[in-house]
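S.K.: here are the coordinates; sequence isn't available:
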């Protein structure tokens with residue numbers, strides 16, 4: 001009877017890693033889990049994809065159904081959803097992932113734009129320094145060296161060394177920022193692995209249910225028979241007395 005009336009359900013699971021900017025997650029996994037549990041994180045598209053449009057408080061009900069779990073040792077969040085088919089479960093998880101990705105992209109975008117503008121400004125300053133070096137080298141006139149020219153040459157050499165040092169430092173900072181603005185230090189929200197939705201129904205297999213029912217039924221039947229025999233023997237003793 002339990003197998004006949006209980007609908008078959010399937011589960012889809014996925015694990016997300018947080019969007020990163022320059023090596024740091026845009027938000028902690030625990031923060032994302034709390035946002036999801038608030039009940040206002042997802043849109044009506046997610047409610048519809050997960051079959052929650054017709055229930056009361058669909059946002060909170062969806063949060064309860066997808067079971068968001070944060071990972072303390074890594075910037076991951078695990079989610080799962082149970083539905084009556086693998087396609088429905090996978091579609092719900094895919095929509096949840098899409099909306100988490102979109103929300104984290106909005107948090108990442110201003111930071112990335114600011115850092116890229118900073119990078120372009122440093123590149124412009126480096127180009128100006130390099131152009132000034134070329135201009136000064138062209139202006140340098142090779143002539144008979146006297147005392148005054150020696151001082152001028154010394155000042156020019158000192159200024160050139162200072163500019164070269166500034167150029168090297170600026171080039172180092174540019175290279176460092178470029179590395180930090182590219183993967184794996186900067187990347188959007190992404191799946192740790194593909195959405196897993198096996199075509200295996202949840203719950204115990206039919207043979208286990210039949211075996212358990214047989215054992216329980218046998219124990220109950222034996223107990224009833226024993227109780228009946230015990231009651232009968234008591235009645236016989238009472239009649240003989």
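M.R.: Noted; the coordinates are in hand. Source: prediction; values computed, not measured.
S.K.: Relative to residue 128, how far out is residue 51?
M.R.: To residue 128, residue 51 is 60 Å away according to CB to CB, to the nearest Å. Just so you know, the C-beta spots here come from the backbone N, C-alpha and C atoms, and that holds for glycine as well.
S.K.: residue boundaries of the strands in this structure?
M.R.: Secondary structure of the chain (DSSP state E): strands at 10-17, 20-21, 24-25, 69-70, 76-83, 190-191.
S.K.: I'd like the average pLDDT over the first one.
M.R.: The reference is to strand 10-17. Strand 10-17 comes out with an average pLDDT of 94.
S.K.: Give me the distance from it to the chain's centre.
M.R.: 11 Å (CA atoms, centre = their mean, to the nearest Å).
S.K.: what's next to it, contact-wise?
M.R.: Residues from elsewhere that reach strand 10-17 (CB atoms under 8 Å, 6 or more residues apart in numbering): 71, 74-86, 88-90, 92-93, 97, 100, 189-202.
S.K.: Walk me through the domains of the protein.
M.R.: Residue ranges for the domains of the chain, per automatic domain parsing: 2-191, 207-241.
S.K.: which of the ones you listed is buried the deepest?
M.R.: The highest mean neighbour count among the domains of the chain belongs to domain 2-191 (a mean of 15), with neighbours defined as mean count of other CB atoms under 10 Å.
S.K.: Between the two ends of that one, how far is it?
M.R.: From its first residue to its last, domain 2-191 covers 37 Å (CA to CA, to the nearest Å).
S.K.: for stretch 187-199, same thing?
M.R.: First-to-last distance for stretch 187-199 - CA to CA - comes to 32 Å.
S.K.: now it: mean pLDDT?
M.R.: 90.
S.K.: circling back: so which of the contacts of strand 10-17 are in helices?
M.R.: Here DSSP state H is the test, and these give 86, 88, 89, 90, 92, 93, 97, 100 as lying in helices.
S.K.: Could you measure from the first one over to residue 208?
M.R.: I take that to be residue 86. Distance check for residue 86 against residue 208: by CB to CB, it reads 22 Å.
S.K.: Provide a list of residues in contact with residue 38.
M.R.: Going by CB under 8 Å, 6+ apart, residue 38 touches 59, 60, 63.
S.K.: Look up how far residue 169 lies from it.
M.R.: Between residue 38 and residue 169 the computed distance is 46 Å (CB to CB).
S.K.: If anything else comes up later, I'll come back, but that's it for now.
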